[in-house]
Structure formats: structure tokens, C-alpha cells
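K.L.:
sequence and predicted structure are below.
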Amino acid sequence: MSSFLFLVLAEVRRELQRARAYWLEVLADQVLFTLGFLLLSGLFQLVAGSSYAKETALASLVGFVIWRVADGCILRTTRSINDDAQAGTLEQVWLSAVSPHLVFLSRSAAILIYHSVRGFLLAVILVFLLGLPLIFPVGLLLVYILTQVGAFGVAFIVAGLHLVYKNVSSIGLTLSTALLFLTGALAPLDNAPLLYHLSRALPLTIGIDLSRQVLAGRLTLAATLRQPDFYWLLLNTAVYALLGLAIWEWGQRMARRDGSLAHY
């Protein structure tokens, strides 16, 4: 456990140093997503009129922020492996005394912490600009973590493919963008029953739905744990996490067999 915490802290420092070195890019990214949500919120208000109340705007904000954190984690996980491959340091991960599984698990934890902080700052700014209530029930944290673990399953699927096929960052970008529109992150899919039921097989969808109910005050932590959707979220997270690990294991096995870890 001490080794894991040490590695997580080291990876967090790495993310912070990278953010400091490219602070203008980080700032521009935050501004882009802030303006993007404000634009979408304005369009929804024009279309929906008075029915687009603060509760509806808050529901959209919850889905958008959860998706934004997942999007950042998926793309950053893939990019970190791509950067190591370009720098010629990827092979050293498998040659070091520390298990590569522990290295990438700690890196994933650091990436989640970093993008969660950025997501929280994004939420605070948008809540202030839109005049929405700022609340954070305890039950939301559990649902949020489980939802993001499922998203990391997608990240490891793309990372495993990268080990074999090299630059596949476009796949990660395509998947993360698709999740924005297919999971009901911007607006609930209740009016599209077929799409709604299909979307529940994707990561994020169930977590976003539960998070909206928790923030609306309809679910306490105890009530959340009794919800059937909570157990579907556990199953969904476990499936994507295991699938991600399976693809990752296959990718590293193929790359080691072919001796391609040292090549970009």
C-alpha cells in the first residue's frame, strides 16, 4: 500500500508539473468547456423556453461535468502511453522493479484526481454563472467514483489497443465524444425509450442518472444503496473494468511478444 501511495503522489506531481508547464493550454481548455456548456445551455433554453428551469439546467450540468472528467481521463490515459512511447521510456516501465500493473493503476488514480479537481472547478464556475444551487451530497461521491471506474475501463481498452497498433488516440477521442451524446449527459433520454435502454449498456449512463437523482434530493446515501440502478451500476462498472483489463493484458502480451514496446 505504501508503494502504491508513493506512486500515486509521484504521478500527481507529474500531472501538476505538466499542467504548470502547459498552463495556457489548461486554461484554454477550461475556458473552452465553460463556454461550450454555456452555449449549449443557451440553445436548450431557446428551444425549451420556460420549461428549461434551474433544475433542468442542473441536470445537464451534472451529466456534462461527469462526462468531461471521463473524457479527460480517457484521453489523458492514452496520451500518457503515447508520450512514453514517443520518448522511448515505455519499455522501461516493464523493465523496472515495480509491477507495470501498479504503475498504471497509480497513474490512473492520479489522472482521476487531477481531472476531478478540474471538473469540480468547472462545475463551481458554471454554477456561479448560471445561478444554480451548489450542493454535494455524500452519496454522490460513491456514485461518481463507480461511474469513473467504468470510464477507465474504456481508457484501458484504448490503451491496450495502443500497445499493439501504436497511435490510436483518434479511437479514444471518438469514443469519448460518442459518450457525450449517447449517454444522455446533456439531456435525459426519457423521451427516446429505445435509445435510453440501449444507452444503459454504456458506461456513464446509469451513473449520470443516479447522480441527478441524488443532487435533486430524491435519494439519500442509504436510499441510493437500495436502488436497483445502483447494482446495475456496479455490474456495468465491473464489466467495463474487467474488459479494459483483459484488453490491456492482451495488448501488453502481444507487444512483449513482438518486442514493440520500445518502438513508436
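P.N.:
Okay, I see it. Numbering: from 1, shown residues only.

K.L.:
need the helix or strand of this structure with the lowest average pLDDT.
P.N.:
Sorting the helices and strands of the chain by mean pLDDT, DSSP states H and E puts helix 90-95 at the bottom, at a mean of 75.

K.L.:
helices and strands around the helix or strand following it, which ones?
P.N.:
Counting by DSSP states H and E, the element after helix 90-95 in chain order, helix or strand, is helix 100-130. For helix 100-130, the packing partners by 3 or more C-beta pairs under 8 Å, 6 or more residues apart in numbering; DSSP states H and E come out as helix 2-21, helix 23-48, helix 54-87, helix 90-95, helix 138-165. (Glycine included, C-beta is placed from N, CA and C.)

K.L.:
check contacts around T77.
P.N.:
By C-beta atoms under 8 Å, 6 or more residues apart in numbering, the residues touching T77 are R107, S108, I111, F152, A155, F156, V158, A159, G172.

K.L.:
again, only using 6 Å
P.N.:
Counting by C-beta atoms under 6 Å, 6 or more residues apart in numbering, T77 touches A155, A159.

K.L.:
make 41 the first number, not 1, from now on.
P.N.:
Sure, I'll start numbering at 41, so the last one becomes T117.

K.L.:
ok so, going back, what comes up buried for the least confident helix or strand of the chain?
P.N.:
L130, E131, V133 (16 or more other C-beta atoms under 10 Å).

K.L.:
just to revisit the earlier point, would you turn the helices and strands packed on helix 140-170 into CSV with distance to P268?
P.N.:
Below are these laid out as CSV (distance: least, C-beta to C-beta, whole Å):
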stretch, distance to P268
helix 42-61, 33
helix 63-88, 29
helix 94-127, 20
helix 130-135, 41
helix 178-205, 14
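
K.L.:
please name whichever of those helices is nearest to L235.
P.N.:
When the helices and strands packed on helix 140-170 are compared by C-beta to C-beta, helix 94-127 sits nearest L235, at 14.7 Å.

K.L.:
good, we can wrap up now.
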